[in-house]
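**Q** Take this sequence and fold it.
(chains A and B)
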Amino acid sequence: MMNTKVVGYIVIAVGIAVFAILAASQGLAVTLGAFFTIGIFSFLYKDNPYYKFSEAAFVGISAGYWFVSLFWQNMYSKLFVGVGAAYHTTFVQGGGWDDRWMMLIGGLLGVLMLMRLFPKAGWISRWPLAVVVGATAGLYFINYFVSNGILQLGASAGPLQRYDAAGNLDLWATISQAILVIGTLSGLIYFYFSKEHKGAFGGVAKIGIWTLMLTFGASFGYTVMSRLSLLIGRMDYLMSDWLQLIN
Amino acid sequence: MKREVPLIITAVVGIMYIFQYFVPHEPVSRFSDWFSDWFGIIQAFAIWLGALNLMKLSLLKVARRKKDWMYSLVTIIGFAAIFIVGIFFSRGANFQEPGTRFMFIYDNVYDPLSSTMFALLGFFVASASYRAFRARNKEATMLLLAAFFVMLGRVPVGDMITKEWLQLPHWLWLSNWADWVMNIPNTAGQRAIMIGIALGIMSTSLRIILGIERTFVSGD
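**A** So this is what the prediction gives:
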């Protein structure tokens, strides 16, 4: 009986040969994409070395991708270019103070963030962290207040009667609008946990649960559709772009 | 210094961000612009921390020949490859232009890997659907019905059944029911959830800005 290790080596050798032949015939770029696509899909069989290889590559490349993107978009464009332009304005052109000098404070805070790498000076990284936390808290407060709070309440608070183009009462649209308003209010009541869900309050909360169940069902169905659409996209990539079996 | 200064910074930055919404003029708007730029620069430095940490853990695993160390080596090589290519060989700040070496790796390695990771969820979602969509009680039945209308109404076979095979009137076509479920009950529930989230986030943000919530400065 053949050793399992030997079988493994044969599988790897055959796999490399197949991919090499396909890379030569279909192109290196598309074969590389197909190699990693099949690697991730191989998890459907079981957790295996091919999947682990693709997963490890994904981790490294994702980290590198974000590193490079943030370096060019934030560190280079804002800090290096900004301070360089400020230097030019102030010292070369003699134009005095330039607001972009303030980017140096951002750079200093960024360097302080790296102090986390040194255990004794790690506490100082809380200063840049405080800027991030404060900015996020302030930004989220306003964004959610406007987009999730005011706009949603405004959209719900309106006349229930709906009319068609001829000016007649549109019964179905009116019923739908009533369901929309009742559903929103009852859903909010369900989320109010400071009072026990009993009696009339409990009855309204029950309607809230039904509304939320319909929402979760619709959202779940929508998610299933989007995931399957991605799956179809990947299959199309393998069958059409790579192997060119379908046009 | 260790606790008070970060709390003061958080309060000042947070209040300025809120204030600039109501007073979008100089000098308030200028402060918020600075904070936004600093935020971006700190983010870029923060990813250094993450990347260095990942590299440290992976290198230690390789050096000590721990279990599955060879996959950590793949992670290191993957990171180094896109890092070197993206920083030195991809037209600098125009690294995302079509035809750069960075975009070659993005299009042929990163994009297939990330899309397939999400596509893989399609299979697990299918088995999760089986468990979630069993009509055990009234609530589960409503979940099932909403998902049924949305899924069948959004594919051509849904309308084929109601329109061509059963020849039902226009208002009974599955695509119309799918639209109605998405626009009315789904919107109602989404609004309730969104308003609830807004209240939760606003109260948490206020707690952070006022220094009541201070977990991020806890520790040594």
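**Q** ok, the spatially closest residue to residue A:179 that is not a sequence neighbour - how many residues close by?
**A** Once flanking residues are discounted, residue A:179 sits nearest to residue B:184: 5.4 Å by Cβ to Cβ, 6 or more residues apart in numbering or on different chains. For the C-beta atoms, the positions are set from N, CA and C on the backbone; glycine is no exception. For residue B:184, the count of nearby residues is 21 (other Cβ atoms under 10 Å in any protein chain shown).
**Q** Show the pLDDT at residue B:184.
**A** Looking at residue B:184, its pLDDT reads 93.
**Q** show me the contacts for it.
**A** Residues near residue B:184 by Cβ atoms under 8 Å, 6 or more residues apart in numbering or on different chains: A:176, A:179-180, A:183.
**Q** In the chain, spot the helix with the most residues.
**A** Defaulting to chain A. The longest helix of chain A (DSSP state H) is helix A:199-236.
**Q** oops, I was thinking of chain B
**A** Max-length helix for chain B by DSSP H is helix B:28-63.
**Q** Tell me the gap between that one and the middle of its chain.
**A** Relative to the centre of its chain, helix B:28-63 is centred 18 Å away, using Cα atoms, centre = their mean, to the nearest Å.
**Q** quick one, what contacts the residue nearest the centre of chain B?
**A** Chain B has residue B:118 as the residue nearest its centroid, 12.5 Å off, counting by Cα atoms, centre = their mean. By Cβ under 8 Å, 6+ apart, residue B:118 lies in contact with A:227, A:230.
**Q** now residue A:148
**A** In this structure, residue A:148 makes contact with B:194-195, B:197-198, B:201, judged by Cβ under 8 Å, 6+ apart.
**Q** quick one: which of those residues sit in helices?
**A** The helices, defined by DSSP H, take in B:194-195, B:197-198, B:201 from the contacts of residue A:148.
**Q** Residue B:207: what's its closest spatial neighbour, skipping adjacent residues?
**A** residue B:213 (3.9 Å).
**Q** Return the helix or strand in chain B with minimum mean pLDDT.
**A** Sorting the helices and strands of chain B by mean pLDDT, DSSP states H and E puts helix B:111-132 at the bottom, at a mean of 85.
**Q** average pLDDT for the next helix or strand after it?
**A** Next helix or strand after helix B:111-132 toward the C-terminus (DSSP states H and E): helix B:138-153. When pLDDT is averaged over helix B:138-153, the result is 90.
**Q** Which positions within helix B:138-153 qualify as buried?
**A** Applying a neighbour-count criterion of 16 or more other Cβ atoms under 10 Å in any protein chain shown, one finds B:139, B:142-153 buried in helix B:138-153.
**Q** Any part of it near chain A?
**A** Yes - residues of helix B:138-153 contacting chain A under Cβ under 8 Å from any Cβ of the partner chain: B:138-140, B:142-151.
**Q** And that helix, how far out from the chain middle?
**A** Distance, centroid of helix B:138-153 to centroid of chain: 26 Å (Cα atoms, centre = their mean).
**Q** quick one on the thing from earlier: and chain B, is the longest helix of chain A touching that?
**A** Yes - with Cβ under 8 Å from any Cβ as the criterion, chain B is reached by helix A:199-236 at A:208-225, A:227-228, A:230-231, A:233-234.
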